[in-house]
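Chemist: sequence unknown, structure follows:
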């Protein structure tokens, strides 16, 4: 479904924002209590933090699990270096850097890159239980 594809695509593109949001949730402290009995204080600030952290953490886990999976799958790069699977997803020139043979004067086609991106999105969607 195209809507699921787009939703997962936007989750993947939001990776660095998710990282900063996780850090922000982990580092913030709860609002001070107003000192009144039955006041506005949260009864369990740890649970409240965990409740907000769970959706962010599950998305990050799905993306990072896919990065590990595809890094292992495409470990035989033309440069001999370990492939950065996320950067290859985001950036076509980076994908070409890892997947271009030095002896040939042509890079992988954009169709090949789009196929790689589709595989990335599919794996993240599977890990998020969208499929």
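Modeler: Sure thing, it's come through. A quick note: this is a predicted structure, and the numbers were derived from the prediction, not measured.
Chemist: Would you check how far apart the most centrally placed residue in the chain and residue 16 are?
Modeler: Geometric centre of the chain, nearest residue: residue 63, 3.3 Å, by Cα atoms, centre = their mean. Distance of residue 63 to residue 16, computed by Cβ to Cβ, to the nearest Å: 10 Å. C-betas here are computed from N, CA, C, even on glycine.
Chemist: how much space between residue 83 and residue 21?
Modeler: Going from residue 83 to residue 21 by Cβ to Cβ gives 27 Å.
Chemist: if you count what's nearby, which of these two comes out ahead?
Modeler: With neighbours defined as other Cβ atoms under 10 Å, residue 83 and residue 21 compare such that residue 83 has more, 23 against 17.
Chemist: That one reaches residue 98, doesn't it?
Modeler: Yes: using Cβ atoms under 8 Å, residue 83 and residue 98 qualify as a contacting pair, with a distance of 4.7 Å.
Chemist: what residues are shared contacts of those two?
Modeler: Common neighbours of residue 83 and residue 98, counting by Cβ atoms under 8 Å, 6 or more residues apart in numbering, are 74, 77.
Chemist: biggest helix in the chain, by residue count?
Modeler: In the chain, assigned by DSSP state H, the helix with the most residues is helix 45-73.
Chemist: Give me the packing partners of it, helices and strands only.
Modeler: Applying 3 or more Cβ pairs under 8 Å, 6 or more residues apart in numbering; DSSP states H and E, we find helix 45-73 packed against helix 2-13, helix 15-27, helix 85-90, helix 110-127.
Chemist: what angle separates the helix or strand bottoming out on mean pLDDT in the chain from helix 110-127?
Modeler: The weakest-scoring helix or strand in the chain, judged by mean pLDDT, DSSP states H and E, is helix 92-99 (a mean of 88). For helix 92-99 against helix 110-127, the angle by axes from the mean of the first three to the mean of the last three Cα atoms, to 10 degrees is 90 degrees.
Chemist: Quick one: distance of helix 92-99 to the chain centre.
Modeler: 19 Å (Cα atoms, centre = their mean, to the nearest Å).
Chemist: Mind listing what's buried along it?
Modeler: Residues of helix 92-99 classed as buried under the neighbour-count rule (16 or more other Cβ atoms under 10 Å) are 92, 94-99.
Chemist: This completes my enquiry, with thanks.
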